[in-house]
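Asks: Got a predicted model here, sequence first, then my questions.
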Amino acid sequence: MATALKAFFKRPTTIVGIVTALMFQVIFSVIWMTGYNGVTDRTSQLKIAVVNEDTQLGQQVAGTLAKQLPFNMSQLSSLEEAQKQLNERELQMIIYLPADFTQKASSPDSKAAVQYFINESNPALIKSIMSSVANQVTAEVNQQAVAAGIQGALAQANLPAEQAAAASQSLSQRVTADIQSSNKVNGMNNQMVPMMLVLASYVGSMIMGMNLEQSSMAVSGQVGRWNRFAARSVINVVAAIFVSLVGASLLAAFGGQMENGFFHLWLFQFVVLITFMFVSQMFLYLFGMAGMLFNIILLSAQLVTSGAVVPRELLSGFFTGLGDILPATYAVEGGMNLLFGGPGIGSDAGVLLIIAAIAFVVSGAAVALKRQSMPHPAGALAKQTT
(Lines give C-alpha, C1' and ligand atoms only; values in the text may rest on other atoms or scores of the structure.)
Protein backbone atom coordinates (compact mmCIF):
# COMPACT_ATOMS: atom_id res chain seq x y z
CA MET A 1 0.00 0.00 0.00
CA ALA A 2 2.71 2.49 1.02
CA THR A 3 4.75 1.58 -2.04
CA ALA A 4 1.74 2.12 -4.30
CA LEU A 5 0.98 5.52 -2.75
CA LYS A 6 4.60 6.57 -3.16
CA ALA A 7 4.57 5.49 -6.79
CA PHE A 8 1.35 7.42 -7.45
CA PHE A 9 2.63 10.64 -5.89
CA LYS A 10 5.80 10.48 -7.94
CA ARG A 11 3.65 10.98 -11.02
CA PRO A 12 2.81 14.64 -11.84
CA THR A 13 -0.62 13.59 -13.13
CA THR A 14 -1.63 12.52 -9.61
CA ILE A 15 -0.89 15.99 -8.22
CA VAL A 16 -2.60 17.63 -11.20
CA GLY A 17 -5.72 15.50 -10.64
CA ILE A 18 -5.94 16.49 -6.97
CA VAL A 19 -5.35 20.17 -7.76
CA THR A 20 -8.02 20.04 -10.47
CA ALA A 21 -10.60 18.61 -8.05
CA LEU A 22 -9.67 21.34 -5.55
CA MET A 23 -9.92 24.11 -8.16
CA PHE A 24 -13.40 22.98 -9.19
CA GLN A 25 -14.52 23.54 -5.59
CA VAL A 26 -12.79 26.90 -5.29
CA ILE A 27 -13.81 28.30 -8.69
CA PHE A 28 -17.45 27.22 -8.57
CA SER A 29 -17.85 28.45 -4.98
CA VAL A 30 -16.36 31.87 -5.72
CA ILE A 31 -18.16 32.48 -9.01
CA TRP A 32 -21.58 31.11 -8.04
CA MET A 33 -21.66 32.73 -4.60
CA THR A 34 -20.68 36.11 -6.00
CA GLY A 35 -22.67 35.79 -9.23
CA TYR A 36 -25.96 34.91 -7.53
CA ASN A 37 -25.44 37.22 -4.56
CA GLY A 38 -28.29 39.77 -4.35
CA VAL A 39 -30.36 38.20 -7.13
CA THR A 40 -33.61 38.44 -5.16
CA ASP A 41 -32.88 42.10 -4.41
CA ARG A 42 -32.74 42.99 -8.10
CA THR A 43 -36.28 42.09 -9.13
CA SER A 44 -36.79 45.83 -9.68
CA GLN A 45 -34.68 45.39 -12.84
CA LEU A 46 -37.37 43.21 -14.44
CA LYS A 47 -39.34 45.12 -17.04
CA ILE A 48 -43.15 45.31 -17.10
CA ALA A 49 -45.18 47.38 -19.56
CA VAL A 50 -48.73 48.62 -18.91
CA VAL A 51 -50.95 49.02 -21.97
CA ASN A 52 -54.24 50.80 -21.26
CA GLU A 53 -57.10 51.30 -23.71
CA ASP A 54 -59.72 52.33 -21.13
CA THR A 55 -60.20 56.09 -20.66
CA GLN A 56 -61.88 55.94 -17.25
CA LEU A 57 -61.01 53.56 -14.41
CA GLY A 58 -58.32 51.87 -16.52
CA GLN A 59 -56.43 55.13 -16.89
CA GLN A 60 -56.36 55.59 -13.12
CA VAL A 61 -55.30 51.98 -12.52
CA ALA A 62 -52.57 52.15 -15.19
CA GLY A 63 -51.09 55.28 -13.65
CA THR A 64 -51.15 53.76 -10.17
CA LEU A 65 -49.47 50.54 -11.31
CA ALA A 66 -46.76 52.40 -13.20
CA LYS A 67 -45.89 54.36 -10.06
CA GLN A 68 -46.28 51.76 -7.33
CA LEU A 69 -45.08 48.41 -8.68
CA PRO A 70 -41.45 47.75 -7.64
CA PHE A 71 -40.27 46.95 -11.16
CA ASN A 72 -38.88 48.77 -14.19
CA MET A 73 -42.28 50.03 -15.33
CA SER A 74 -43.29 51.67 -18.60
CA GLN A 75 -46.54 52.58 -20.33
CA LEU A 76 -46.99 51.70 -23.99
CA SER A 77 -49.83 52.73 -26.24
CA SER A 78 -49.75 49.74 -28.55
CA LEU A 79 -50.38 46.15 -27.44
CA GLU A 80 -48.83 44.89 -30.67
CA GLU A 81 -45.57 46.73 -29.99
CA ALA A 82 -45.54 45.49 -26.39
CA GLN A 83 -46.02 41.89 -27.55
CA LYS A 84 -43.15 42.30 -30.01
CA GLN A 85 -40.87 43.44 -27.17
CA LEU A 86 -42.12 40.60 -24.97
CA ASN A 87 -41.29 38.05 -27.68
CA GLU A 88 -37.79 39.51 -27.97
CA ARG A 89 -37.37 39.30 -24.15
CA GLU A 90 -37.08 43.06 -23.81
CA LEU A 91 -40.08 42.86 -21.47
CA GLN A 92 -40.88 40.22 -18.86
CA MET A 93 -44.65 40.88 -18.70
CA ILE A 94 -47.43 43.03 -20.18
CA ILE A 95 -50.38 44.27 -18.10
CA TYR A 96 -53.25 45.07 -20.47
CA LEU A 97 -56.44 46.95 -19.59
CA PRO A 98 -58.97 46.62 -22.46
CA ALA A 99 -61.22 49.45 -23.62
CA ASP A 100 -64.29 48.02 -21.84
CA PHE A 101 -62.57 47.60 -18.47
CA THR A 102 -64.62 50.27 -16.64
CA GLN A 103 -67.89 49.13 -18.23
CA LYS A 104 -67.44 45.52 -17.16
CA ALA A 105 -66.10 46.40 -13.72
CA SER A 106 -69.15 48.58 -13.04
CA SER A 107 -71.76 46.20 -14.41
CA PRO A 108 -73.32 43.71 -11.95
CA ASP A 109 -73.81 41.24 -14.80
CA SER A 110 -70.17 40.90 -15.84
CA LYS A 111 -66.59 40.89 -14.59
CA ALA A 112 -63.65 42.84 -15.85
CA ALA A 113 -60.38 41.08 -16.61
CA VAL A 114 -56.88 42.42 -16.32
CA GLN A 115 -54.93 40.59 -19.01
CA TYR A 116 -51.34 39.56 -18.38
CA PHE A 117 -49.00 38.38 -21.13
CA ILE A 118 -45.95 36.29 -20.18
CA ASN A 119 -43.30 34.80 -22.47
CA GLU A 120 -42.40 31.32 -21.18
CA SER A 121 -39.35 31.13 -23.46
CA ASN A 122 -37.31 32.37 -20.52
CA PRO A 123 -35.79 30.93 -17.35
CA ALA A 124 -38.53 29.35 -15.23
CA LEU A 125 -38.03 31.98 -12.53
CA ILE A 126 -39.50 34.65 -14.83
CA LYS A 127 -42.85 32.87 -15.07
CA SER A 128 -42.93 32.21 -11.33
CA ILE A 129 -42.25 35.85 -10.41
CA MET A 130 -44.62 37.31 -12.98
CA SER A 131 -47.47 34.94 -12.11
CA SER A 132 -47.16 36.02 -8.49
CA VAL A 133 -47.16 39.69 -9.52
CA ALA A 134 -50.28 39.14 -11.65
CA ASN A 135 -52.21 37.70 -8.73
CA GLN A 136 -51.13 40.51 -6.40
CA VAL A 137 -52.00 43.22 -8.92
CA THR A 138 -55.43 41.71 -9.58
CA ALA A 139 -56.23 41.53 -5.87
CA GLU A 140 -55.15 45.13 -5.34
CA VAL A 141 -57.10 46.47 -8.31
CA ASN A 142 -60.14 44.48 -7.26
CA GLN A 143 -60.11 45.56 -3.62
CA GLN A 144 -59.08 49.19 -3.88
CA ALA A 145 -60.52 50.38 -7.18
CA VAL A 146 -63.43 48.20 -8.17
CA ALA A 147 -65.15 47.73 -4.82
CA ALA A 148 -65.02 51.47 -4.19
CA GLY A 149 -66.35 52.25 -7.64
CA ILE A 150 -69.27 49.85 -7.34
CA GLN A 151 -70.15 51.12 -3.89
CA GLY A 152 -70.26 54.68 -5.22
CA ALA A 153 -72.40 53.63 -8.17
CA LEU A 154 -74.87 51.83 -5.93
CA ALA A 155 -75.02 54.77 -3.52
CA GLN A 156 -75.85 57.09 -6.41
CA ALA A 157 -78.68 54.77 -7.38
CA ASN A 158 -80.59 55.96 -4.27
CA LEU A 159 -79.99 52.79 -2.28
CA PRO A 160 -79.66 53.21 1.48
CA ALA A 161 -76.06 53.42 2.57
CA GLU A 162 -76.15 50.12 4.46
CA GLN A 163 -77.65 48.27 1.47
CA ALA A 164 -75.17 49.89 -0.87
CA ALA A 165 -72.28 48.77 1.33
CA ALA A 166 -73.63 45.21 1.57
CA ALA A 167 -74.24 45.03 -2.16
CA SER A 168 -70.80 46.38 -2.96
CA GLN A 169 -69.26 43.76 -0.67
CA SER A 170 -71.02 40.97 -2.52
CA LEU A 171 -70.03 42.43 -5.87
CA SER A 172 -66.48 43.25 -4.89
CA GLN A 173 -65.01 40.36 -6.87
CA ARG A 174 -65.47 42.13 -10.16
CA VAL A 175 -61.92 41.85 -11.52
CA THR A 176 -60.23 38.62 -12.53
CA ALA A 177 -56.76 37.75 -13.84
CA ASP A 178 -56.48 36.54 -17.42
CA ILE A 179 -52.91 35.23 -17.75
CA GLN A 180 -51.91 34.42 -21.32
CA SER A 181 -48.62 32.65 -21.97
CA SER A 182 -46.78 32.69 -25.29
CA ASN A 183 -44.07 30.25 -26.37
CA LYS A 184 -45.23 27.71 -23.80
CA VAL A 185 -42.75 25.23 -22.36
CA ASN A 186 -44.02 21.67 -22.00
CA GLY A 187 -42.73 20.44 -18.67
CA MET A 188 -39.68 20.87 -16.51
CA ASN A 189 -37.67 18.43 -18.61
CA ASN A 190 -37.92 20.77 -21.60
CA GLN A 191 -37.31 23.83 -19.43
CA MET A 192 -33.91 22.44 -18.44
CA VAL A 193 -32.77 21.57 -21.98
CA PRO A 194 -30.97 24.89 -22.72
CA MET A 195 -28.83 24.54 -19.58
CA MET A 196 -28.23 20.85 -20.31
CA LEU A 197 -27.06 21.60 -23.86
CA VAL A 198 -24.64 24.28 -22.66
CA LEU A 199 -23.27 22.14 -19.83
CA ALA A 200 -22.89 18.99 -21.92
CA SER A 201 -21.46 20.85 -24.91
CA TYR A 202 -18.82 22.84 -23.06
CA VAL A 203 -17.72 20.05 -20.71
CA GLY A 204 -17.49 17.68 -23.67
CA SER A 205 -15.55 20.24 -25.69
CA MET A 206 -13.01 20.98 -22.95
CA ILE A 207 -12.37 17.29 -22.24
CA MET A 208 -12.05 16.57 -25.95
CA GLY A 209 -9.63 19.47 -26.24
CA MET A 210 -7.56 18.16 -23.33
CA ASN A 211 -7.20 14.78 -25.03
CA LEU A 212 -6.37 16.37 -28.38
CA GLU A 213 -3.68 18.43 -26.63
CA GLN A 214 -2.17 15.25 -25.18
CA SER A 215 -2.29 13.58 -28.60
CA SER A 216 -0.66 16.65 -30.15
CA MET A 217 2.15 16.55 -27.59
CA ALA A 218 2.66 12.84 -28.25
CA VAL A 219 3.10 13.31 -32.01
CA SER A 220 4.97 16.62 -31.86
CA GLY A 221 8.25 14.88 -32.70
CA GLN A 222 6.86 13.44 -35.95
CA VAL A 223 4.34 16.08 -37.14
CA GLY A 224 4.91 19.80 -37.68
CA ARG A 225 3.00 22.37 -35.67
CA TRP A 226 0.92 23.66 -38.57
CA ASN A 227 -0.04 20.16 -39.65
CA ARG A 228 -1.10 19.43 -36.08
CA PHE A 229 -3.08 22.66 -35.94
CA ALA A 230 -4.81 21.84 -39.24
CA ALA A 231 -5.56 18.28 -38.15
CA ARG A 232 -7.07 19.42 -34.86
CA SER A 233 -9.23 21.99 -36.67
CA VAL A 234 -10.55 19.36 -39.08
CA ILE A 235 -11.25 16.98 -36.18
CA ASN A 236 -13.18 19.78 -34.43
CA VAL A 237 -15.42 20.40 -37.43
CA VAL A 238 -16.11 16.71 -38.12
CA ALA A 239 -16.69 15.95 -34.44
CA ALA A 240 -19.05 18.94 -34.08
CA ILE A 241 -21.15 17.71 -37.01
CA PHE A 242 -21.44 14.21 -35.58
CA VAL A 243 -21.87 15.14 -31.91
CA SER A 244 -24.52 17.79 -32.66
CA LEU A 245 -26.43 15.26 -34.77
CA VAL A 246 -26.39 12.73 -31.92
CA GLY A 247 -27.47 15.36 -29.39
CA ALA A 248 -30.36 16.64 -31.50
CA SER A 249 -31.43 13.08 -32.33
CA LEU A 250 -31.51 12.04 -28.67
CA LEU A 251 -33.53 15.13 -27.80
CA ALA A 252 -36.04 14.24 -30.52
CA ALA A 253 -36.12 10.58 -29.46
CA PHE A 254 -37.07 11.54 -25.90
CA GLY A 255 -39.89 13.80 -27.08
CA GLY A 256 -38.09 17.10 -26.61
CA GLN A 257 -39.84 20.28 -27.64
CA MET A 258 -38.66 21.65 -31.00
CA GLU A 259 -40.77 24.56 -32.21
CA ASN A 260 -38.55 25.20 -35.24
CA GLY A 261 -37.86 21.62 -36.21
CA PHE A 262 -35.02 19.13 -35.98
CA PHE A 263 -32.87 20.43 -38.83
CA HIS A 264 -32.61 23.99 -37.47
CA LEU A 265 -31.76 22.69 -34.00
CA TRP A 266 -29.05 20.42 -35.41
CA LEU A 267 -27.44 23.26 -37.39
CA PHE A 268 -27.54 25.65 -34.46
CA GLN A 269 -26.13 23.04 -32.09
CA PHE A 270 -23.31 22.47 -34.58
CA VAL A 271 -22.50 26.20 -34.43
CA VAL A 272 -22.59 26.08 -30.61
CA LEU A 273 -20.29 23.06 -30.47
CA ILE A 274 -17.75 24.33 -32.97
CA THR A 275 -17.59 27.61 -31.03
CA PHE A 276 -17.15 25.84 -27.69
CA MET A 277 -14.46 23.57 -29.16
CA PHE A 278 -12.38 26.42 -30.57
CA VAL A 279 -12.79 28.56 -27.44
CA SER A 280 -11.88 25.77 -25.01
CA GLN A 281 -8.88 24.71 -27.10
CA MET A 282 -7.72 28.31 -27.45
CA PHE A 283 -6.60 28.25 -23.81
CA LEU A 284 -4.75 24.98 -24.40
CA TYR A 285 -2.90 26.51 -27.35
CA LEU A 286 -1.98 29.51 -25.22
CA PHE A 287 -1.07 27.82 -21.94
CA GLY A 288 -0.79 24.09 -22.63
CA MET A 289 -2.48 21.78 -20.13
CA ALA A 290 -2.58 24.67 -17.64
CA GLY A 291 -5.26 26.13 -19.92
CA MET A 292 -7.73 23.68 -18.38
CA LEU A 293 -7.82 25.98 -15.35
CA PHE A 294 -9.21 28.75 -17.57
CA ASN A 295 -11.75 26.34 -19.00
CA ILE A 296 -13.01 25.48 -15.53
CA ILE A 297 -13.38 29.19 -14.79
CA LEU A 298 -15.15 29.76 -18.10
CA LEU A 299 -17.52 26.83 -17.54
CA SER A 300 -18.63 28.16 -14.17
CA ALA A 301 -18.93 31.74 -15.40
CA GLN A 302 -21.05 30.72 -18.38
CA LEU A 303 -23.48 28.70 -16.30
CA VAL A 304 -24.03 31.76 -14.10
CA THR A 305 -24.21 34.47 -16.77
CA SER A 306 -25.92 32.72 -19.69
CA GLY A 307 -29.49 33.07 -18.37
CA ALA A 308 -30.10 29.34 -18.46
CA VAL A 309 -30.81 29.15 -14.72
CA VAL A 310 -31.37 32.70 -13.45
CA PRO A 311 -32.57 35.60 -15.66
CA ARG A 312 -29.67 37.80 -16.71
CA GLU A 313 -31.73 40.84 -15.67
CA LEU A 314 -31.24 39.81 -12.03
CA LEU A 315 -27.44 39.62 -12.19
CA SER A 316 -25.08 42.41 -11.19
CA GLY A 317 -23.69 44.73 -13.86
CA PHE A 318 -20.33 42.94 -13.86
CA PHE A 319 -21.78 39.49 -14.50
CA THR A 320 -24.26 40.83 -17.06
CA GLY A 321 -21.40 42.44 -18.97
CA LEU A 322 -19.33 39.28 -18.67
CA GLY A 323 -22.18 37.26 -20.13
CA ASP A 324 -22.28 39.60 -23.15
CA ILE A 325 -18.86 38.38 -24.31
CA LEU A 326 -19.25 34.67 -23.47
CA PRO A 327 -20.67 32.24 -26.06
CA ALA A 328 -23.06 30.41 -23.72
CA THR A 329 -25.31 33.48 -23.50
CA TYR A 330 -26.03 33.31 -27.22
CA ALA A 331 -26.26 29.52 -27.15
CA VAL A 332 -29.01 29.74 -24.51
CA GLU A 333 -30.93 32.55 -26.23
CA GLY A 334 -30.80 30.85 -29.61
CA GLY A 335 -31.63 27.48 -28.08
CA MET A 336 -34.71 28.90 -26.35
CA ASN A 337 -35.86 30.48 -29.60
CA LEU A 338 -35.53 27.18 -31.46
CA LEU A 339 -36.93 24.95 -28.72
CA PHE A 340 -39.80 27.07 -27.37
CA GLY A 341 -40.30 29.92 -29.82
CA GLY A 342 -39.12 33.49 -30.11
CA PRO A 343 -37.31 35.79 -32.56
CA GLY A 344 -34.93 34.46 -35.16
CA ILE A 345 -31.54 33.03 -34.28
CA GLY A 346 -29.55 34.85 -36.95
CA SER A 347 -27.93 37.33 -34.57
CA ASP A 348 -27.13 34.64 -31.98
CA ALA A 349 -25.56 32.33 -34.57
CA GLY A 350 -23.64 35.27 -36.02
CA VAL A 351 -22.13 36.23 -32.66
CA LEU A 352 -21.18 32.60 -31.99
CA LEU A 353 -19.40 32.36 -35.34
CA ILE A 354 -17.53 35.61 -34.64
CA ILE A 355 -16.39 34.26 -31.26
CA ALA A 356 -15.31 31.00 -32.94
CA ALA A 357 -13.35 32.93 -35.58
CA ILE A 358 -11.59 35.03 -32.91
CA ALA A 359 -10.67 31.89 -30.96
CA PHE A 360 -9.37 30.26 -34.16
CA VAL A 361 -7.19 33.29 -35.00
CA VAL A 362 -5.82 33.54 -31.45
CA SER A 363 -5.03 29.82 -31.49
CA GLY A 364 -3.22 30.19 -34.81
CA ALA A 365 -1.22 33.10 -33.42
CA ALA A 366 -0.24 30.98 -30.41
CA VAL A 367 0.96 28.23 -32.72
CA ALA A 368 2.99 30.73 -34.77
CA LEU A 369 4.68 32.16 -31.68
CA LYS A 370 5.69 28.83 -30.18
CA ARG A 371 9.00 27.22 -31.04
CA GLN A 372 8.84 24.51 -33.63
CA SER A 373 9.64 21.00 -32.41
CA MET A 374 12.04 19.32 -34.83
CA PRO A 375 10.33 16.37 -36.53
CA HIS A 376 12.01 13.02 -36.24
CA PRO A 377 11.00 10.76 -39.13
CA ALA A 378 11.15 7.07 -38.41
CA GLY A 379 13.91 6.59 -41.02
CA ALA A 380 16.16 9.27 -39.56
CA LEU A 381 15.72 7.84 -36.11
CA ALA A 382 16.67 4.38 -37.35
CA LYS A 383 19.81 5.77 -39.07
CA GLN A 384 20.89 7.58 -35.92
CA THR A 385 20.71 4.40 -33.87
CA THR A 386 22.92 2.39 -36.23
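Replies: Here it is on my side, so go on.
Asks: Show me which residues of stretch 260-276 are buried.
Replies: Neighbour-count burial for stretch 260-276, with 16 or more other Cβ atoms under 10 Å as criterion, is recorded at 260, 264-276. C-beta: built from backbone N, CA, C; applies to glycine.
Asks: with those residues in mind, which one is nearest to Gly17?
Replies: Proximity to Gly17 was ranked across the buried residues of stretch 260-276 by Cβ to Cβ; first place goes to Phe276, at 23.3 Å.
Asks: other SSEs contacting the helix or strand that contains that closest one?
Replies: Element membership of Phe276, judged by DSSP states H and E, is helix 262-287. Using 3 or more Cβ pairs under 8 Å, 6 or more residues apart in numbering; DSSP states H and E as the contact criterion, the neighbours of helix 262-287 among helices and strands are helix 193-218, helix 225-253, helix 291-305, helix 327-340, helix 346-369.
Asks: tilt between that helix and helix 346-369?
Replies: Regarding helix 262-287 and helix 346-369, their directions subtend 30 degrees when assessed with axes from the mean of the first three to the mean of the last three Cα atoms, to 10 degrees.
Asks: Now do helix 262-287: distance to the chain's middle.
Replies: What separates the centre of helix 262-287 from the centre of its chain is 17 Å, taken as Cα atoms, centre = their mean, to the nearest Å.
Asks: Out of the helices and strands packed on helix 262-287, which one sits most buried?
Replies: Per-stretch averages of neighbours, counted by mean count of other Cβ atoms under 10 Å, single out helix 327-340 among these, with a mean of 26.
Asks: before we move on, back to that, can you put the buried residues of stretch 260-276 in CSV and add pLDDT and distance to Thr43?
Replies: Listed next are these as CSV, based on pLDDT from 0 to 100; distance: Cβ to Cβ, whole Å:
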residue, pLDDT, distance to Thr43
Asn260, 90, 31
His264, 95, 34
Leu265, 95, 32
Trp266, 96, 37
Leu267, 97, 36
Phe268, 97, 31
Gln269, 97, 32
Phe270, 97, 37
Val271, 97, 33
Val272, 97, 30
Leu273, 97, 34
Ile274, 97, 37
Thr275, 98, 32
Phe276, 98, 32
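Asks: want to throw the residues you listed into TSV with distance to Gly17?
Replies: Formatted as TSV, the buried residues of stretch 260-276 follow (distance: Cβ to Cβ, whole Å):
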residue	distance to Gly17
Asn260	42
His264	40
Leu265	36
Trp266	35
Leu267	37
Phe268	35
Gln269	31
Phe270	32
Val271	33
Val272	29
Leu273	26
Ile274	29
Thr275	28
Phe276	23
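Asks: Just the mean pLDDT for stretch 279-288, thanks.
Replies: The average pLDDT for stretch 279-288 rounds to 95.
Asks: do stretch 122-136 as well
Replies: Per-region confidence: stretch 122-136 scores 92 on mean pLDDT.
Asks: With stretch 102-110 instead?
Replies: In this model, stretch 102-110 carries a mean pLDDT of 77.
Asks: before we move on, back to that, mind giving me JSON lines with the helices and strands packed on helix 262-287 and columns for distance to Pro70 and mean pLDDT?
Replies: Formatted as JSON lines, the helices and strands packed on helix 262-287 follow (distance: least, Cβ to Cβ, whole Å; pLDDT from 0 to 100):
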{"stretch": "helix 193-218", "distance to Pro70": "28", "mean pLDDT": "94"}
{"stretch": "helix 225-253", "distance to Pro70": "38", "mean pLDDT": "96"}
{"stretch": "helix 291-305", "distance to Pro70": "24", "mean pLDDT": "94"}
{"stretch": "helix 327-340", "distance to Pro70": "26", "mean pLDDT": "96"}
{"stretch": "helix 346-369", "distance to Pro70": "31", "mean pLDDT": "96"}
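Asks: Minimum distance to Asn186: which of those has it?
Replies: With distances scored as Cβ to Cβ, the stretch of these nearest to Asn186 is helix 327-340 (8.7 Å).
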